[in-house]
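Participant: Sequence first, predicted coordinates after that:
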Amino acid sequence: MNVSPMPNETSARLIRLYRADFGTKSEVIVRMGGVVFAAIALSLVTGSALFIAWLGLYLIQQAIYFRVIDPRRRKYSMRRFQLALVLYSIGTAIFLSVPLNLLTWPSPSMYMPAVFALLGTVLYAIQRENPTSDVLMIDTGFFAAGCAWIFYISLPKLDFFLDHAVLLGFCVLVTYLFFRAQDVELRRQAARRVAERRYAQAQKARALNQFVGGVAHDFNNQITAIMGNLELFELLDDPDERRSAMQQCRIAADRAALTVQQLVASSGRTRLQPVRLEIDTFLKDLDPVLTDLLDPKVELDIKSADYDFQVSVDRDMLETCLIQLSLNAQDAMQGEGRIEIGARRVLSRAAAAPGQPESDPPYIGIYVQDAGPGVSDETLSKLSEPFYTTKGVGAGTGLGLSAVSGFAKQSGGALVLDNALPSGLHVMILLPQTRDLA
């Protein structure tokens with residue numbers, strides 16, 4: 001039984017952990033390469049196999065940590081986040097154990113690598129985007145413990161009480177500055193999120209103006225075409241030319257009717273005829289339809305449901321929506337790539353965020369995921385707005401996703417949009433599951 005991949009607060013924390021520690025591939029390669037090189041070099045210099053054992057332990061921990069926080073697994077829970085914090089603490093302890101131990105070695109040649117390793121760790125922790133306040137406390141705790149260890153091993157080398165006081169004061173001050181730097185970064189992130197929410201409110205007013213202007217512009221084009229061809233019809237004498245003018249009138253009228261239909265769907269007032277629908281059978285029937293519609297270079301992967309999902313929904317409208325989403329995905333990939341379609345069960349409103357359907361859970365989420373470039377966070381929040389489109393002028397009305405969203409809401413569900421990982425757009429239509437199978 002699967003759970004929705006849409007971000008809630010817990011999953012958002014896990015995603016921030018993933019982006020902070022594994023978000024940039026080149027940085028991960030350089031970091032891990034440096035660790036491997038340092039372990040091998042220390043093993044060769046000292047003749048001790050302990051550094052190789054340390055390297056193996058650290059790489060195993062990193063592999064497990066990556067698997068736990070990898071958002072592509074699409075299983076979010078507070079227990080998983082807590083496990084991620086434990087693994088993060090273990091990894092930090094494993095990594096710091098070597099440089100802190102090298103400081104105690106009598107050989108001066110081991111002192112400088114230890115200092116550089118500790119300095120690099122501090123700089124890495126400060127410059128990266130701090131994912132959560134929990135990580136801030138863990139980093140600060142390890143930093144304070146490191147300072148305490150340095151103070152402890154330095155005690156035998158100090159002769160006067162004043163020397164002890166100066167070193168202790170220095171350790172406390174540096175720990176505070178480290179905590180302060182991390183805390184400032186968290187505050188900046190919070191301020192940025194507040195600014196983004198305010199910007200979103202301002203964009204709602206802009207969207208209303210765009211909607212009104214889009215309706216007026218679209219209808220003006222169609223009415224102009226109809227009236228122009230009617231006038232031309234009255235002026236022409238040739239039967240073929242008059243027939244052509246009437247044909248153009250019909251085309252413009254059909255476009256206007258389609259615009260009205262999409263507007264009605266966007267408003268959630270379409271006359272639906274819901275029937276009991278088994279999702280797995282429905283998706284299998286949809287496969288040949290999409291195969292004929294999509295370009296040959298597009299790889300279509302329709303996943304079989306692992307549970308007997310059933311919903312009460314208008315079958316024709318649902319099929320039309322999935323066709324619309326598939327064509328959008330094809331356009332995003334520029335006619336070449338992989339589209340995955342499937343269904344999963346969503347057990348709670350929190351898991352359905354940010355869609356938040358009005359009906360009660362459980363829900364069935366039918367998703368379409370492409371392998372395109374995805375969109376920015378700003379664009380993501382506007383995609384389902386009427387007349388908003390990422391296509392070029394004349395290539396789309398911007399009513400497709402708006403109509404899908406209206407259909408989902410009218411059916412008691414919601415349309416949920418999210419950037420997929422590692423790339424692409426993940427669009428899910430949430431529908432209430434029939435109660436007798438809940």
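Facilitator: Alright, I've got the coordinates. Numbering: from 1, shown residues only.
Participant: Any buried residues in stretch 330-342, and which?
Facilitator: Q330, A332, M333, G337, I339, E340, I341, G342 (16 or more other Cβ atoms under 10 Å). Using the backbone N, CA and C atoms, a C-beta is placed for each residue, glycine as well.
Participant: Quick check: the gap between L42 and V36.
Facilitator: L42 sits 11 Å away from V36, going by Cβ to Cβ, to the nearest Å.
Participant: what do you get for G146?
Facilitator: 23 Å.
Participant: Can you list the strands that the longest strand along the chain pairs with?
Facilitator: Ordering each strand of the chain by length in residues (DSSP state E) puts strand 337-346 first. Here strand 337-346 has these sheet partners by DSSP bridges: strand 298-302 (parallel), strand 363-369 (antiparallel).
Participant: the strands in this protein, which residues?
Facilitator: Under DSSP E, the chain gives strands at 275-278, 298-302, 310-313, 337-346, 363-369, 414-419, 425-432.
Participant: Dump the longest one to PDB, restricted to CA.
Facilitator: Spelled out, that is strand 337-346. What follows is strand 337-346, C-alpha atoms only, in PDB (Å, rounded to 0.1, in the frame of the first residue of the first chain):
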ATOM      1  CA  GLY A 337      11.000  11.000 -22.900                       C
ATOM      2  CA  ARG A 338       9.200   8.900 -20.400                       C
ATOM      3  CA  ILE A 339       5.700   9.400 -19.000                       C
ATOM      4  CA  GLU A 340       4.600   7.400 -16.000                       C
ATOM      5  CA  ILE A 341       1.000   7.000 -15.000                       C
ATOM      6  CA  GLY A 342      -0.300   5.100 -11.900                       C
ATOM      7  CA  ALA A 343      -2.400   5.200  -8.900                       C
ATOM      8  CA  ARG A 344      -1.800   5.100  -5.100                       C
ATOM      9  CA  ARG A 345      -3.800   5.400  -2.000                       C
ATOM     10  CA  VAL A 346      -3.600   8.600   0.200                       C
END
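Participant: Output the below-cut-off pLDDT ranges for the stretch 201-350 of the chain.
Facilitator: For the stretch 201-350 of the chain, the stretches with pLDDT under 70 are 201-218, 258-271, 306, 349-350.
Participant: Where do the helices of it begin and end?
Facilitator: Along the stretch 201-350 of the chain, the stretches classed as helices by DSSP state H, counting those that start in this stretch are 239-267, 279-293, 315-332, 349-352.
Participant: Can you check which of the ones you listed gets nearest to I429?
Facilitator: With Cβ to Cβ as the measure, helix 315-332 is the member of the helices of the stretch 201-350 of the chain nearest I429 (6.3 Å).
Participant: Summarise which helices and strands the closest one is packed against.
Facilitator: For helix 315-332, the packing partners by 3 or more Cβ pairs under 8 Å, 6 or more residues apart in numbering; DSSP states H and E come out as strand 275-278, helix 279-293, strand 337-346, strand 363-369, helix 400-410, strand 425-432.
Participant: Output those in CSV, with distance to S48 appended to each entry.
Facilitator: Shown next, in CSV, are those (distance: least, Cβ to Cβ, whole Å):
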stretch, distance to S48
strand 275-278, 64
helix 279-293, 58
strand 337-346, 49
strand 363-369, 49
helix 400-410, 61
strand 425-432, 49
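Participant: Which one of the ones you listed lies nearest to E185?
Facilitator: strand 425-432 (28.8 Å).
Participant: which strands and helices sit next to the closest one?
Facilitator: For strand 425-432, the packing partners by 3+ Cβ pairs under 8 Å, 6+ apart are strand 310-313, helix 315-332, strand 363-369, helix 400-410, strand 414-419.
Participant: Including distance to S133, could those go into a markdown table?
Facilitator: Formatted as a markdown table, these follow (distance: least, Cβ to Cβ, whole Å):
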| stretch | distance to S133 |
| --- | --- |
| strand 310-313 | 40 |
| helix 315-332 | 36 |
| strand 363-369 | 31 |
| helix 400-410 | 34 |
| strand 414-419 | 24 |
